[in-house]
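Participant: Predicted model, plus sequence, below.
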Amino acid sequence: MNKALIYESAEKYIKRFGTRDPFAIADGLGIEVLFRNDFTNLKGLYRVIQRNRFIFLNNNLPEQVQTLVCAHELGHDTHHRNLADDSPFREYVLYSMNTRPEYEANLFAASLLLPDDKVHMYAREGYDVVQIAAMMNTDINLMLIKMGDMNSRGYSFNTAYTPRSDFLGR
């Protein structure tokens, strides 16, 4: 896995589309986002059907979670499209960070949704990871992924916690 490539791909989209909004980016890339009312536990999935790209999202999720899941699925489009041809990512794989594609999709979502400068600013002001996640209206596990990635790029956050491998599946 090339963490730098994942970070750079998110930054490229932010610059190209002038936004961190995964819905606007998906639209700009020609990916159709469809909201489903028939998903029970499934939060979302990415699929390519006859060369058309789709993100399916659970319509019953809070907007914040829909945004996170959309960014995650956009990560699959960007880095794993070849795995989604005519077969969806399965729910039991989708949000397990024990698999490389799922971790990479979560890292892409963290890179897309959470600006380095804002995370760094809050940390410099003395806030801990839990407080920063709350202030940025995101899941603590996504913040831990973000801070771990930033540490690999030269930052020095003290992250005493490890992200839950199933945080999107809960």
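Facilitator: Happy to help now that I have it. Numbering: from 1, shown residues only.
Participant: and residue 137, what is it in contact with?
Facilitator: residue 64 (Cβ atoms under 8 Å, 6 or more residues apart in numbering). Quick note: C-beta positions are derived from backbone N, CA and C, even for glycine.
Participant: Now that we're looking at it, what pLDDT does it have?
Facilitator: Listed pLDDT for residue 137 reads 94.
Participant: Name the SS class of it, please.
Facilitator: coil (DSSP: H, G, I helix; E, B strand; the rest coil).
Participant: what ranges do the helices span in this structure?
Facilitator: Using DSSP state H, the helices of the chain run over residues 3-17, 22-28, 63-80, 91-94, 100-113, 116-124, 129-135, 140-152.
Participant: Any stretches of the protein with poor pLDDT?
Facilitator: Within the chain, the segments meeting pLDDT under 70 span 1, 83-98, 160-170.
Participant: In CSV: the helices of the chain, plus mean neighbour count and distance to residue 42.
Facilitator: Shown next, in CSV, are those (neighbours: other Cβ atoms under 10 Å; distance: least, Cβ to Cβ, whole Å):
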stretch, mean neighbour count, distance to residue 42
helix 3-17, 16, 24
helix 22-28, 19, 18
helix 63-80, 22, 10
helix 91-94, 15, 5
helix 100-113, 24, 14
helix 116-124, 14, 29
helix 129-135, 17, 24
helix 140-152, 21, 19
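Participant: These into a markdown table, with extra columns for distance to residue 36?
Facilitator: Formatted as a markdown table, those follow (distance: least, Cβ to Cβ, whole Å):
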| stretch | distance to residue 36 |
| --- | --- |
| helix 3-17 | 24 |
| helix 22-28 | 15 |
| helix 63-80 | 11 |
| helix 91-94 | 13 |
| helix 100-113 | 19 |
| helix 116-124 | 32 |
| helix 129-135 | 27 |
| helix 140-152 | 23 |
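Participant: So for residue 44, which of those sits nearest?
Facilitator: Closest of the helices of the chain to residue 44 is helix 63-80, at 4.0 Å (criterion: Cβ to Cβ).
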